[in-house]
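> This is a predicted model, with the sequence first.
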Amino acid sequence: MTDDDIARITAEHLIATPLEPADLLFVFGQRRGEQEIIAAAVDLWQRGLFRHAIVSGGATQGNPRTECSVIKEGMVAGGVPADLILEEHRATNTGENVIFSLPVIDAALGRHTIKSVICLGKICTARRYPMTLQRHWPEVAKMLVTVNPYGAPVERWHTDPLFRERVLAEWHKIALYKAQGFIADWSPG
């Protein structure tokens, strides 16, 4: 991998967007980095950056508690009102996070009332969160916040073996997922 490859992946994939208050925080569940996700969600709440949230994620890696349960519990412990957090407990991947959450959002809030969403997830999957949301909910404005549970800062992702492996795996999925119709083009701002 060349320095140009590293620079391109960093610029195109490991992104975040400017933030403004949103109608909904969409928390993509995961096991690795869940404490960082919880802390970021609580911080966004304390800064007044969302009115409602949905946490999506099922049982994974042999753990009977869903990702949703663990993350929501942490958010509530951090001060986010429980009644503002919608729950989706079946998803096992990013596509399911969106597909299974949309009916929950529609039933509780009405999708037509949501104009803006902040996607929250792990840095290695950064671009794919809003691209998945774009595929299934193009009309909503999308922002992105990510957390980094790895042993290197984002700009040095290529120096940490696990971080590098995860980023490259995700980078290679983008073209395949676009070709399969799982995600759609999206650009920040």
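Arrived safely, thanks for sending. Worth saying up front: this structure is predicted, and the values here are computed from it rather than measured.
> where does the protein dip in pLDDT?
Along the chain, segments meeting pLDDT under 70 span 189.
> go again using 90 as the cut-off
Applying pLDDT under 90 to the chain flags residues 1, 16, 30-33, 59-65, 151, 187-189.
> Select the longest helix from it.
helix 161-180 (DSSP state H).
> Okay, buried residues for it please.
Phe163, Arg164, Arg166, Val167, Leu168, Glu170, Trp171, Lys173, Ile174, Tyr177 (16 or more other Cβ atoms under 10 Å). (Each C-beta comes from the backbone N, C-alpha and C, glycine too.)
> Also stretch 32-47?
Per 16+ other Cβ under 10 Å, stretch 32-47 contains these buried residues: Gly33, Glu34, Glu36, Ile37, Ile38, Ala40, Ala41, Val42, Leu44, Trp45.
> now Val167: how far from Ser187?
19 Å (Cβ to Cβ, to the nearest Å).
> residue boundaries of the helices in this structure?
3-12, 34-46, 67-77, 94-108, 128-136, 161-180.
> elements contacting the longest one?
When you say that, I think you mean helix 161-180. Secondary-structure packing of helix 161-180 (3 or more Cβ pairs under 8 Å, 6 or more residues apart in numbering; DSSP states H and E): helix 3-12, helix 128-136.
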